[in-house]
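# requesting a structural model of the entry that follows:
(chains A and B)
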Amino acid sequence: MHNSTLAKLSGELGAKKVSAVEVARYYLGRIASAKALNAFITVDEEKTLVLAKAADARIAKGDAAPLTGIPIAHKDLFCADGWRTTCGSKILENFVAPYDAHVIGQFKRAGAVILGKTNMDEFAMGSSNENSHFGPVKNPWDTAAVPGGSSGGSATAVAARLAPAATGTDTGGSIRQPASFTGVCGLRPTYGRVSRYGMVAFASSLDQGGALAKTALDLALMLEVMAGFDERDSTCMDRPVERYSTMLEGGVKGLRIGLPREYFNKDLAPDVAAPIRAAIDELVKRGATTVEVTLPNQHLSVPVYYVLAPAEASSNLSRFDGVRYGFRAQGYADLADMYRKTRAQGFGAEVKRRIMVGTYVLSHGYYDAYYLQAQKIRRLIARDFAEAFAKCDVIAGPAAPSVAFDLGVKAADPVQMYLEDLYTVPVNLAGLPGMSVPCGFGAKGRPVGMQLIGNYWSEALMLRVAHAYQQVTDWHAKGPKDWS
Amino acid sequence: MLSLDQIAKIAELARLELSATDAAALQQELNGILAMVDRMQAVDTRAIEPMSHPQQAMQRLREDRVTERDQREKHQAIAPATEDGLYLVPKVIE
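So this is what the prediction gives:
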């Protein structure tokens, strides 16, 4: 069962070949046997089975939707009523959400089952999942390697077949990079496509919820449920949701694929470049054409991102003060001391670092040189994409400069870790949709993903390209040997 | 380059207690990050409008009426300290 796609499992549930309770129990069993991967922060068998029983009742009544009875793992920053929602942080270690995020509500309406809450870098700040208060997640392809971050738990859960699909969020690459590192498909939709109500905020002009699964079809089925207007998120756009899963056919004939010069230079490891070039050749063989495009300000993306994201984070995380919810330090002199001690003890090192950077770049006398300058260059980066999309329909390139690196090797140097994000953050700065699609293996047999970048609201086209590729290749069907 | 005094000032603005060891480590890390970020300063952006947000949409307005139910008990059940429906914090005014 664990090698089934979500789409196949959906068919079997609908045909009553298997019950939602059986499926949930099966995956709960796999999760229990995979504790060493540390992919989950919270599993609650009782709550999961209540939802699975309700799904079975709905199937029996004959009003099942495609996701009814499908167990889905959720990144632990989506609030789910009655579920502990930690965001990978000590400050929320005992926070039980009193309401459902919009995304969780949408999955519940669809009859999907909450399988558990996945591990992540604290407050989604990290590219290796080593910044979790609950310990690092291991890459199931090679447990010496990181799974990427920040949605590292969700990526490992899908790769190790502990869940048929998972939610994630992508502020600077947090879906695409772990998807690439673990050999699964990940989609970050256009900014504003999925409501962020109930999703713990990191950097509000960049955050967007998305999904990880084995195939483009599975991602299409996930996005149909997750996307849509929600008035509770003021950045959520009121646009009709397309029937993505019915728009996958049609192939790539005549499609113009843009290859950014800056994505294929010396920064890209040769063992990653080769499978990506081969994947592009495969698309060309199926009728696509390639065109070189240029993103001349791409080299400024990481600096711009590491000003804007910490600035927004320092503001968003000011709500964690030990008053209304979450951790409060013991023993303090007065109110200000309570805030200082609560935050010092409740946040981990990387979160503090970003709060400090953000506070500095927003402070009097430095705002123009850092924050405003970064916002201006952000416009240049967005313009570069607009010019590129005048020449092509979709952009292809790497999601990460190397295959998954070893645990510990970059943890000591924040700047080295930040530079990992050079191919993903431009997409977030522009607000575009992006995907990572498994396309082979590099050094040490570790997975490689091809990144697809689409124009605004072109999720259907991106999914069609990925689907066309998956019809003629089988990289997406390969799993780590101990787990498939 | 940020001095230790500046680090202490930023930490105070951010309401973070720092030990001397934390402050020294953060000084080094922040200076490393700012050196990387300084690549931005070479770009002439005088004619460029800042971009604060990917969508150029206007903020939506809604009717000014109560839409939330009272869920005080549910929401206060997760607070570190409450009394009579109020959040408890250390005394602020003598």
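# secondary structure class for residue A:300?
helix (DSSP: H, G, I helix; E, B strand; the rest coil).
# how many residues are close by the residue of chain A found nearest chain B?
Using CB to the nearest CB, the closest approach of chain A to chain B is made by residue A:431 at 2.3 Å. C-beta here means a position set from N, CA and C on the backbone, and glycine is covered the same way. Residue A:431 has 22 neighbouring residues, counting by other CB atoms under 10 Å in any protein chain shown.
# can you check residue A:159 too?
By other CB under 10 Å, the residues close to residue A:159 number 31.
# look up the closest residue to it, ignoring the ones flanking it.
Excluding the flanking residues, the one nearest residue A:159 by CB to CB, 6 or more residues apart in numbering or on different chains is residue A:182, at 3.8 Å.
# distance of residue A:390 relative to residue A:258?
10 Å (CB to CB, to the nearest Å).
# before we move on, what about residue A:226?
Relative to residue A:258, residue A:226 is positioned 27 Å away (CB to CB).
# quick one: the helices in the stretch 351-484 of chain A?
Using DSSP state H, counting those that start in this stretch, the helices of the stretch 351-484 of chain A run over A:373-388, A:414-419, A:425-430, A:459-472.
# which element is the nearest residue to residue A:321 once chain neighbours are set aside on?
In space, and not counting its chain neighbours, residue A:321 is closest to residue A:339: 5.2 Å by CB to CB, 6+ apart. According to DSSP states H and E, residue A:339 maps onto helix A:335-346.
# so which bits of that helix are buried?
For helix A:335-346, the neighbour count (16 or more other CB atoms under 10 Å in any protein chain shown) marks A:338, A:339, A:340, A:341, A:342, A:343, A:344, A:346 as buried.
# pLDDT value on the most centrally placed residue in chain A, please?
Closest to where the C-alpha atoms of chain A average out (CA atoms, centre = their mean) is residue A:175, at 2.4 Å. In the prediction, the pLDDT value recorded for residue A:175 is 98.
# correct me if wrong: it contacts residue A:187.
Yes - shown here, residue A:175 and residue A:187 form a contact pair, counting by CB atoms under 8 Å, at 6.8 Å.
# what do those two both touch?
Contact with both residue A:175 and residue A:187 is made by residues A:210, A:211, A:212, according to CB atoms under 8 Å, 6 or more residues apart in numbering or on different chains.
# burial measure for residue A:178, as a count.
For residue A:178, the count of nearby residues is 39 (other CB under 10 Å).
# residues in contact with the residue nearest to residue A:77 when sequence neighbours are not counted?
For residue A:77, ignoring the flanking residues on the chain, the nearest one in space by CB to CB, 6+ apart is residue A:200 at 4.1 Å. Taking CB under 8 Å, 6+ apart as the criterion, residue A:200 is in contact with A:77, A:79, A:85, A:87, A:92, A:123, A:124.
# what sits against residue 23?
No chain in the question, so chain A it is. A:1, A:9, A:13, A:52, A:69, A:70, A:71, A:113.
# nope, chain B
Contacts for residue B:23 (CB under 8 Å, 6+ apart) come out as B:4, B:7, B:8, B:11.
# list only buried entries from the residues you listed.
So, by 16+ other CB under 10 Å, the buried ones in the contacts of residue B:23 are B:7, B:11.
# please enumerate the strands of chain A.
For chain A, the strands defined by DSSP state E cover A:40-42, A:71-75, A:113-118, A:165-169, A:185-188, A:209-213, A:256-260, A:289-293, A:394-398, A:434-441, A:447-454.
# leaving out chain neighbours, which residue sits closest to the residue most central in space within chain B?
The structure's chain B has its C-alpha centroid closest to residue B:14; by CA atoms, centre = their mean the separation is 6.8 Å. Among residues not flanking residue B:14 along the chain, residue A:359 sits closest, at 4.3 Å (CB to CB, 6+ apart).
# show me what contacts that neighbour?
Contacts of residue A:359 were listed using CB under 8 Å, 6+ apart, and they are A:314, B:10, B:13, B:14.
# so which of these are in helices?
Mapping the contacts of residue A:359 onto helices (DSSP state H) picks out A:314, B:10, B:13.
# low pLDDT regions in the stretch 351-484 of chain A?
The model of the stretch 351-484 of chain A has no residue with pLDDT under 70.
# any idea which helix or strand of chain B has the worst average confidence?
Scoring the helices and strands of chain B by mean pLDDT, DSSP states H and E places helix B:72-76 at the bottom, with a mean of 93.
# flag every buried residue along that one.
For helix B:72-76, the neighbour count (16+ other CB under 10 Å) marks residue B:76 as buried.
# pull the CA atoms of it into PDB?
Coordinates of each C-alpha in helix B:72-76 appear next as PDB, following Å, rounded to 0.1, in the frame of the first residue of the first chain:
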ATOM      1  CA  ARG B  72     -12.900  33.500  25.800                       C
ATOM      2  CA  GLU B  73     -12.800  30.400  27.900                       C
ATOM      3  CA  LYS B  74     -11.400  28.200  25.100                       C
ATOM      4  CA  HIS B  75      -8.700  30.700  24.200                       C
ATOM      5  CA  GLN B  76      -7.800  31.400  27.800                       C
END
